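S.K.: just coords:
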């Protein structure tokens, strides 16, 4: 194997504000050998997700930053081309954190086999992977929509938001999406079946959102932050729940926005309306992984749960695709088809 | 009875910012007659509480504002001097919303009998009343302190805060108070038995607070807001809980504080540390009233739960006492002894 070349994209420098291509380097190396217990995986699909912006910074967070010069982290689906793990056979398809590269050496215990099913293997990075689980666990444990309630989710055509709204409807709630273009909004209503979707770039966005939520908002699934959150806040009903799993609008920010300081306004809403805001990441509910994946797969097989992927071809195009993702340039779950 | 005069304090005008005495009027009227089912109560103690500032405004909240010209609302303990209620006998001591006046006509179903016990009847307005229940239900349902955790509460010598910290200790947690003077801080440690207490008016308040919480903060019981909250925020541990029952630092505010807008900072903390912020008012847990009162009374009888009252004499002094309360001028649960 030693003559095979591995291309990998490493973090060249930490971005200030919006990342740009100079923050990444593509380097080549020989594919390394593997030790007992390890597998060599040829990556087929790489997941691109908003959390990656956080790992490029060295601000304290729930995970370690990527070191300068280290390969960018990321979930991957790939084919096992060599195995020294007793449980994994060459040729199997596995999910793991293979990173932004052609080949990954992983511990056999750190990969999950993907059974060849009726859905494409790339869904293990999206609707059946971390984003789908984020939607499922956030709604089950925090959002808890009840029949007749209204659920609002931003980035509604994205990997998490698209699942959130559909789960809301499975529970009998009204699903209202927020998306970044008229085209995405149409897709969310016509293809995903949301009850309504509003374009947050419209001049009268706040009014449109209020009109789409005549009975107020009982669950706001927060994955965006910023002005979208400010527009939802006055619409929240008493006892509304706000699962917070992401704040993509803030990730490229270099300083706090100009005043006035609206914290007091937010806190007053929390008090007066008895809101629950709760941050979470999907691994806080790791014990629900099996349940979540079975439920999501079941809905897909039944034809009830729709999803859309935004596929970028070529590892070398991953940096540009992440930069676009952070600006809302993707349309559906962002993945990179490698090789 | 008709020749008896009732003095009552009515809302004369809505305050802008800090209330002043001109917002109140003391008016006299004959004590009205009572109808079937009603009781006439001679008020003995009136509770003063931060929420009253909200009722003086007409901003949308969880309760209706007091109308201009109407008697100021408030919980009272008094003696039944006349009864047309089959269940209530003249001479009984009752808790009710009698308002800022010498005599109140109340529906017999809206008052609770107070059994003459080993504690003063005024405690029905404080440690055994709404403030004590607020502490109890906020800790039980939201704060959920575990042994070895650190609980921080502001207004620690006040009606709610003093109970919060002691309950924290009953659960094996470390109790750290925040108070508005050195004298109050000493009282909180020496008399109430908190593990530490910090004066928020000290120049190095944030550093002192950090030093008092070497293992971070797991529960922040929020009844103050403003700069105190900003000092606690960086100390919060992963999965910290923040019951929000009051924001007294904001109640007199006329506009949002100057920027920068720290909402994004708060939301990032919610996400990264997976915080739970949840607003509540005591009546959200009305079904726990009996349990709460029994637990609190039990702790008092055992000599474990300490409390302090700040008694102002004379109904006519109630406006000044509320104005002081909103500035932190009270030292213990604020009550007015009427007559």
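M.R.: Structure received. Every value quoted in this text rests on a predicted model; they were computed, and no experiment measured them.
S.K.: Tell me where the stretch 51-200 of chain A is predicted with low confidence.
M.R.: Within the stretch 51-200 of chain A, the segments meeting pLDDT under 70 span A:116-117.
S.K.: By proximity to chain B, which residue of it wins?
M.R.: residue A:61 (5.0 Å; CB to the nearest CB). Where you see a C-beta, it was placed from the backbone N, CA and C, and this is true even at glycine.
S.K.: isn't that residue right up against residue B:274?
M.R.: No. The pair residue A:61 / residue B:274 is not scored as a contact, 11.2 Å apart, by CB atoms under 8 Å.
S.K.: So between those two, which is more surrounded?
M.R.: residue B:274 (19 against 16; other CB atoms under 10 Å in any protein chain shown).
S.K.: Now that one: closest residue in space, sequence neighbours ignored.
M.R.: Leaving aside its chain neighbours, residue B:274 sits nearest to residue A:279 (4.4 Å; criterion: CB to CB, 6 or more residues apart in numbering or on different chains).
S.K.: residues touching the one you found, list them.
M.R.: With contact taken as CB atoms under 8 Å, 6 or more residues apart in numbering or on different chains, residue A:279 is in contact with A:244, A:245, B:269, B:270, B:271, B:272, B:273, B:274, B:275, B:276.
S.K.: Point out the other helices and strands that the helix or strand in which the fourth one is found packs with.
M.R.: Pointing back at residue B:270 there. Assigning secondary structure by DSSP states H and E places residue B:270 in helix B:263-272. Counting contacts by 3 or more CB pairs under 8 Å, 6 or more residues apart in numbering or on different chains; DSSP states H and E, helix B:263-272 packs against helix A:226-232, strand A:236-244, helix A:263-272, strand A:276-279.
S.K.: to the chain's geometric centre, what's the distance from the longest one?
M.R.: Average the C-alpha atoms of helix A:263-272, do the same for its chain, and the two points are 28 Å apart (CA atoms, centre = their mean, to the nearest Å).
S.K.: tell me the average confidence for that helix?
M.R.: For helix A:263-272, mean pLDDT rounds to 88.
S.K.: Same check on stretch A:307-319?
M.R.: Averaging pLDDT residue by residue across stretch A:307-319 gives 95.
S.K.: ok, now stretch A:9-16?
M.R.: Stretch A:9-16 comes out at a mean pLDDT of 95.
S.K.: Ok, stretch A:23-34 next?
M.R.: On average, stretch A:23-34 scores 94.
S.K.: Contacts for it next, please.
M.R.: A:1-15, A:40, A:56, A:72, A:82-84, A:103, A:105, A:315-316, A:318-319.
S.K.: change it to 6 Å
M.R.: Outside stretch A:23-34, the residues within contact range by CB atoms under 6 Å, 6 or more residues apart in numbering or on different chains are A:1-2, A:4-10, A:12-13, A:15, A:40, A:84, A:103, A:105, A:316, A:319.
S.K.: tell me how far it is from the chain's mean position?
M.R.: 26 Å.
S.K.: what about that stretch, start to end distance?
M.R.: 29 Å (CA to CA, to the nearest Å).
S.K.: returning to what we had before: angle of the helix holding residue B:270 against strand B:236-244?
M.R.: Direction vectors for helix B:263-272 and strand B:236-244, defined by axes from the mean of the first three to the mean of the last three CA atoms, to 10 degrees, enclose an angle of 110 degrees.
S.K.: quick one: the strands in the stretch 1-150 of chain A?
M.R.: A:5-11, A:24-30, A:38-47, A:76-83, A:93-96, A:103-107, A:112-113, A:150-153 (DSSP state E, counting those that start in this stretch).
S.K.: list the buried ones in stretch A:320-331?
M.R.: A:321, A:322, A:323, A:324, A:325, A:326, A:328, A:330, A:331 (16 or more other CB atoms under 10 Å in any protein chain shown).
S.K.: same check, this time on stretch A:27-43
M.R.: In stretch A:27-43, counting by 16+ other CB under 10 Å, buried: A:31, A:34, A:37, A:38, A:39, A:40, A:41, A:42, A:43.
S.K.: And the helices in the stretch 51-200 of chain A?
M.R.: A:51-55, A:130-138, A:161-170, A:182-190 (DSSP state H, counting those that start in this stretch).
S.K.: okay if I get the ones you listed as a markdown table plus distance to chain B?
M.R.: Listed next are these as a markdown table, based on distance: least, CB to the nearest CB, whole Å:
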| stretch | distance to chain B |
| --- | --- |
| helix A:51-55 | 8 |
| helix A:130-138 | 11 |
| helix A:161-170 | 16 |
| helix A:182-190 | 24 |
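S.K.: want to throw those helices into a markdown table with mean neighbour count?
M.R.: Below are the helices of the stretch 51-200 of chain A laid out as a markdown table (neighbours: other CB atoms under 10 Å in any protein chain shown):
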| stretch | mean neighbour count |
| --- | --- |
| helix A:51-55 | 19 |
| helix A:130-138 | 27 |
| helix A:161-170 | 26 |
| helix A:182-190 | 18 |
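S.K.: out of the buried residues of stretch A:320-331, which one sits closest to residue A:132?
M.R.: residue A:330 (16.2 Å; CB to CB).
S.K.: and the closest one, that's in a strand?
M.R.: No. Assigned with DSSP: H, G, I helix; E, B strand; the rest coil, residue A:330 falls outside any strand and is coil.
S.K.: got a list of what it touches?
M.R.: residue A:310.
S.K.: Just want the phi and psi numbers for it.
M.R.: phi -80, psi 160 (degrees, to the nearest 10).
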